[in-house]
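Student: Just the structure for this:
(one chain, ligands or ions: 1)
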Amino acid sequence: MAAQVQQETALGSVHDSVRDREISVEQEHLDRVYRRLEEKIHEAEFLMNDAAKRGQVGTPGALAERDAQVFRAGVHLNRLNNEFEDFLFGRIDLLLGKDGKKGPDGAYTAVEPAEGAVRPDNTADIAETLHIGRIGVLDADYSPLVIDWRAPAAAPFYRSTPVDPGRVVRRRVIRSKGRRVLGVEDDLMRPELTAHIDGRELPVIGDGALMAALGQARSHTMRDIVASIQAEQDLVIRAPAASVTYVEGGPGTGKTAVALHRAAYLLYQDRRRYAGGILIVSPTPLLVAYTEGVLPSLGEEGQVAIRAVGSLVDGAEATLYDSPAVARAKGSYRMLKVLRKAARGALETPGAPASAPASTGQLAFGDDDGVQTPAAPAFTPTRLRVVAFGRRLELEAAELDRIRRNALSGTAPVNLLRPRARKLLLDALWAQSGGGSRHTDPELAAELRSSFDEDITSEDSFIAFLDAWWPVLTPRAVLNAMADEKRLGRWARRILNPGEVRRVARSLGRDGLSVHDVAMLDELQAILGVPARPRKKRDLDPLDQLTGLEELMPVREESQRERAERLAQERTEYAHVIVDEAQDLTPMQWRMIGRRGRHATWTVVGDPAQSSWSDPDEAAEARDEALGTRPRRRFTLTVNYRNPAEIAELAAKVLTLAMPGSTSPSAVRSTGVEPRFVTTNNGHSTVVRDGLAKTVRGEAARLLDRVDGTVGVVVAMNRRAEAARWLAGLGDRVVALGSLEAKGLEYDATIVVSPAEIADESPAGLRVLYVALTRATQQLTVVSSDRDEPDVNGVPDLLRD
Ligand SMILES: Nc1ncnc2c1ncn2[C@@H]1O[C@H](COP(=O)(O)OP(=O)(O)OP(=O)(O)O)[C@@H](O)[C@H]1O
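Tutor: Prediction:
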């Protein structure tokens, strides 16, 4: 082979000296970069001080300019300080490019080599070397010292492969800590070439950075993969933002990692458009906690909202789980029909509470927002009595019902129909008063009518009646009303069966919300509508009151800043929505997320084989509705970077049962460690014979000894609390989690407890089991109970060939 590839053999000392020399080459470059960064930090500090001085000059223009300058310098300084750790991680050595043109980052733009860059005898010279890092750094003469990983010039670092190398001859990953380079790992993209750099043959060190990264112990937080993004992943990360980017791939193919890096890429591409406007929806708070450190490590702190699907509605936080049967009823399209009926029905229900109890959280509208929510009436009034023009007028129950039905026949949100209902009441009272026949002159008649209306609407009894008869409903109030089985039964007639009604009503009576309740609240918010905010009144000047001037003064307009702050707080729509684990969303959740991305571009990542939702067709319909007719660009990720082949092979058996005909991603490495099977109940057990608790605890302790990082114990949802007790005192490297909570997470080692229990938990149980079996990066133990019918080797029924 032409290039000087070093092997770990008898040539060890030669190898070490070449490696040391290459490390010192990179150290020199890193030193240069740090010197330049320090200069830039001084520049930023100088700018800030200078700007502060300029503030004392005091003209409005100078002040505005100062503010902008201080802001820019502050952001810059902050980034430089934060990126100081480990920001240089890659290098590519390139052949001469085709056209010789340079891009804005100072690098040549051509992807393909110039003709003649490779000589007929397969020798070539390195014409350009680029270092890749978390941010770009230009030298004082504008030559690129470091290229931002998201810049076009950095793409070949990720895209180049031996099959399609482009200009790249050698791709190097640099490992550093603080200011010290610790190691380098090279991949040769053109192994057939003898390439020279500065008159020397190009050395190649190590056997690839990817394997080194994959072998590292896992902690409770995800790491970025910026130094080892693979070509098929890079295509997704850099896909144009237009329309919908749709990514499928099996467990461990990097979908979550890719989604996070894509957010950072989009911000880099068009910061103005996306800053603050990217939403990442994650299935669980555990996955949010696991992933939320990745974007800051890519230099994108606070720009992207990562929210669990149960925390998408402000003021509502899901803390409870529903049983599979209840989840199916609450999450399906059928619930939409029930909610529409409930929202209208809650108005006319005797005794229905009209507003949320003060102790429960508020949705986006409520007392806090200045909208008056009337106190809950004891019952819905059945008669209206008022006095107008000295006459007693009265509307009876039947008439009131007719008016309500008439008002509700509109399609507008229920709360927005209140003015219409009020108008219909006044019409009925006016008709009763006979006032319409008193004047033939239309002008006089109109005047009479308006003073009639004024007379009635200023009466306290009328206002109290309206508040009780047509209260402003909050989503919480309607949900509370649905906890009454009888009422729910009425609203869900022919939609839910009696068993479902009973179970749903009971679940809504609990203290707290489930992830499905949150989607129902959001839907109710849309069905009920938000009544117009009363405009804030200016505080009255006592002098105004004396002179009556206040009536002539315009209401003060919101300042631009106030408006910007309010909009940011109220943000419910985003410019780009990234959905992780999209296969799990129910139709109601798709509707909730869809409302946040009505005008957005989307990235949707998921794996149908891991879906815990029982009706994939219904969910697909809801997804298509949320994404609309936007064109989709589809990608498939094919390589499993998480599980060693031994574990992937076992999981594939469950995949065959769960989704016959689908293919597993291919595992990129093998560890030689086979999954272990332990039983609790029979004489053939290899280890323990007594209870599950002791078995799992013993196995967890064993695995903690064998791996440096984390151990996850996955149990059926109803065993979660119990499993936490089994592990008490073993330390924080080991955690117990329910099958549905394991989604997206990974551990060095996992224990999957009773596959049969997990599979029987729900209609999608086999797919949930597939998720559980694919969480380990190194070792997997399966603990069986009686239900698993283990064979003599402890292998449970579901995992046998
Ligand atoms: N290019 C890469 N370089 C290094 N590590 C990688 C790379 N791609 C993925 N990984 C690692 O593989 C693991 C799996 O990635 P990730 O969680 O994003 O996969 P996923 O497709 O979302 O999996 P699942 O569907 O099971 O949730 C993570 O530890 C991730 O850091």
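
Student: tell me what the longest helix along the chain is packed against?
Tutor: The residue-count maximum for a helix in the chain (DSSP state H) belongs to helix 12-54. Counting contacts by 3 or more CB pairs under 8 Å, 6 or more residues apart in numbering; DSSP states H and E, helix 12-54 is packed against helix 60-83, strand 88-94, strand 128-133, strand 137-138, strand 144-148, strand 168-177, strand 180-188, strand 203-204. (Glycine included, C-beta is placed from N, CA and C.)

Student: among these, which gets the worst mean confidence?
Tutor: Lowest mean pLDDT of those: helix 60-83, a mean of 59.

Student: does the residue nearest the centre of the chain sit in a helix, a strand or a coil?
Tutor: Geometric centre of the chain, nearest residue: V281, 2.1 Å, by CA atoms, centre = their mean. In the three-state summary, V281 is assigned as strand, counting by DSSP: H, G, I helix; E, B strand; the rest coil.

Student: tell me what the helix or strand M592 falls within is packed against?
Tutor: Assigned by DSSP states H and E, M592 falls within helix 587-596. Identification of packing neighbours for helix 587-596 by 3+ CB pairs under 8 Å, 6+ apart yields helix 324-331, helix 333-345, helix 515-528, strand 576-579, helix 616-627.

Student: I'd like those as a markdown table, with mean neighbour count, mean pLDDT and distance to the ligand appended.
Tutor: A markdown table is the format used below for the helices and strands packed on helix 587-596 (neighbours: other CB atoms under 10 Å; pLDDT from 0 to 100; distance: least, CB to the nearest ligand atom, whole Å):
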| stretch | mean neighbour count | mean pLDDT | distance to the ligand |
| --- | --- | --- | --- |
| helix 324-331 | 22 | 95 | 20 |
| helix 333-345 | 20 | 94 | 26 |
| helix 515-528 | 24 | 95 | 18 |
| strand 576-579 | 26 | 95 | 12 |
| helix 616-627 | 17 | 92 | 16 |
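
Student: Within range of the ligand, give me the residues from the stretch 101-250 of the chain.
Tutor: Contact residues (CB under 6 Å from any ligand atom) of the stretch 101-250 of the chain with the ligand: L210, A213, L214, R223, I225, S228, I229, Q230, Q233, G249.

Student: Drop anything exposed from those residues.
Tutor: L210, A213, L214, I225, S228, I229, Q230, Q233, G249 (16 or more other CB atoms under 10 Å).

Student: Next up, the contacts around the fourth one.
Tutor: Shown here is I225, whose contacts under the criterion CB atoms under 8 Å, 6 or more residues apart in numbering are A213, Q233, G254, A257, H261.

Student: ok, A648 touching S664?
Tutor: Yes: A648 is within contact range of S664, at 6.2 Å (criterion: CB atoms under 8 Å).

Student: who's more crowded, those two?
Tutor: When neighbours are counted by other CB atoms under 10 Å, A648 comes out ahead of the other of A648 and S664, with 24 against 21.

Student: give me the number of residues near P152?
Tutor: A count of neighbours around P152, defined by other CB under 10 Å, yields 16.

Student: Find the nearest non-adjacent residue to it, please.
Tutor: On the basis of CB to CB, 6 or more residues apart in numbering, the spatially nearest residue to P152 that is not a chain neighbour turns out to be G103, at 6.3 Å.

Student: can you list the weak-confidence ranges in the stretch 601-750 of the chain?
Tutor: Within the stretch 601-750 of the chain, the stretches with pLDDT under 70 are 681-690.

Student: where does it come near the ligand, residue by residue?
Tutor: Counting by CB under 6 Å from any ligand atom, the residues of the stretch 601-750 of the chain that sit close to the ligand are D607, Q610, Y641, R642, G744, E746.

Student: do that again at 8 Å, thanks
Tutor: Of all the residues in the stretch 601-750 of the chain, those in contact range of the ligand (CB under 8 Å from any ligand atom) are V605, G606, D607, Q610, L637, N640, Y641, R642, K743, G744, L745, E746.

Student: Serialize these to JSON lines and add fields for secondary structure.
Tutor: Shown next, in JSON lines, are those (three-state DSSP):
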{"residue": "V605", "secondary structure": "strand"}
{"residue": "G606", "secondary structure": "strand"}
{"residue": "D607", "secondary structure": "coil"}
{"residue": "Q610", "secondary structure": "helix"}
{"residue": "L637", "secondary structure": "strand"}
{"residue": "N640", "secondary structure": "strand"}
{"residue": "Y641", "secondary structure": "coil"}
{"residue": "R642", "secondary structure": "coil"}
{"residue": "K743", "secondary structure": "coil"}
{"residue": "G744", "secondary structure": "coil"}
{"residue": "L745", "secondary structure": "coil"}
{"residue": "E746", "secondary structure": "coil"}
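
Student: right, and the pair among those with maximum separation?
Tutor: Across those, the longest distance by CB to CB is 18.1 Å; it joins L637 and L745.

Student: What degree of burial does the closest residue to the ligand within the stretch 451-600 of the chain show, as a neighbour count?
Tutor: Each residue of the stretch 451-600 of the chain has a distance to the ligand, by CB to the nearest ligand atom, and the smallest belongs to E581, at 6.5 Å. Residues contacting E581 under the criterion other CB under 10 Å number 24.

Student: So the nearest residue to it once chain neighbours are set aside versus A505, what's the distance?
Tutor: Leaving out its chain neighbours, the residue that sits closest to E581 by CB to CB, 6+ apart is P283, at 4.4 Å. Here the distance between P283 and A505 works out to 26 Å (CB to CB, to the nearest Å).

Student: cool, and A327?
Tutor: Counting by CB to CB, the gap from A327 to A505 is 15 Å.
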